[in-house]
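In: Predicted model follows, preceded by the sequence.
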Amino acid sequence: MKNFIALLLMLFTTVVFSQEKIDTVIIQNKGTLKIELDQRINQVITAKEDASCPAPVKKVVVKKDPPKANASDPCATQTQINGFKIQIYYSKNRGDADKVKNEFERAYPGMSAQVVYFAPDYRVLVGDYFTKSSANPDIRRLKSKYNSSFAIPYKVLCRRAK
């Protein structure tokens, strides 16, 4: 009798505490997979994404100059444009990145250099280029000392870009 009551109690608790159906997976014709999620799961996923994703990067406010005579010149109306820079070094330590930047500026006085923070690394970026191919000659020249040099997309100063 005790075993019967224990079995009945276990059966009752599993029925009471069982979860409701919250997702459905349907495989339709031609291998299409359709997943229907409960709205609460979607809210939890969205909340986790919002909490873990970094805040949006501040947009650079570009002061626009009045248009000049040559309308085909992209630098006529903008001070910064989407272009490329060469990354020569990265580190988790700001001091190391500043040291490499200072060494670079002494070795290559004609090129601009800056340290920027892309979580979780500090990167040393040099030069301003309109296209990746225009950065290639400088990348080849820098590879002798900075063998991990490569071009990355970045906002560049329009008048300085090559």
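Out: Received the coordinates, thanks.
In: Provide the partner residues of the nearest residue to residue 132 once chain neighbours are set aside in its beta bridges.
Out: With sequence-adjacent residues excluded and distances taken as Cβ to Cβ, 6 or more residues apart in numbering, residue 132 is closest to residue 151, at 4.8 Å. For every residue, glycine as well, the C-beta is placed using N, CA and C. Under DSSP bridges, the beta-bridge partners of residue 151 are residue 86.
In: so residue 151 makes contact with residue 86?
Out: Yes - because the distance of 5.7 Å satisfies Cβ atoms under 8 Å, residue 151 is recorded as touching residue 86.
In: For the two, work out which one has more neighbours and name it.
Out: More crowded of residue 151 and residue 86, by other Cβ atoms under 10 Å: residue 86, with 25 against 21.
In: pretty sure the more buried one contacts residue 154?
Out: No - between residue 86 and residue 154 there is no contact under Cβ under 8 Å: 9.5 Å.
In: Return the helix or strand in this protein with minimum mean pLDDT.
Out: When the helices and strands of the chain are scored by mean pLDDT, DSSP states H and E, strand 23-27 comes last with a mean of 55.
In: Give me the helices and strands touching whichever strand or helix holds residue 104, please.
Out: Element membership for residue 104 (DSSP states H and E) is helix 94-107. Secondary-structure packing of helix 94-107 (3 or more Cβ pairs under 8 Å, 6 or more residues apart in numbering; DSSP states H and E): strand 80-91, strand 113-118, strand 121-129.
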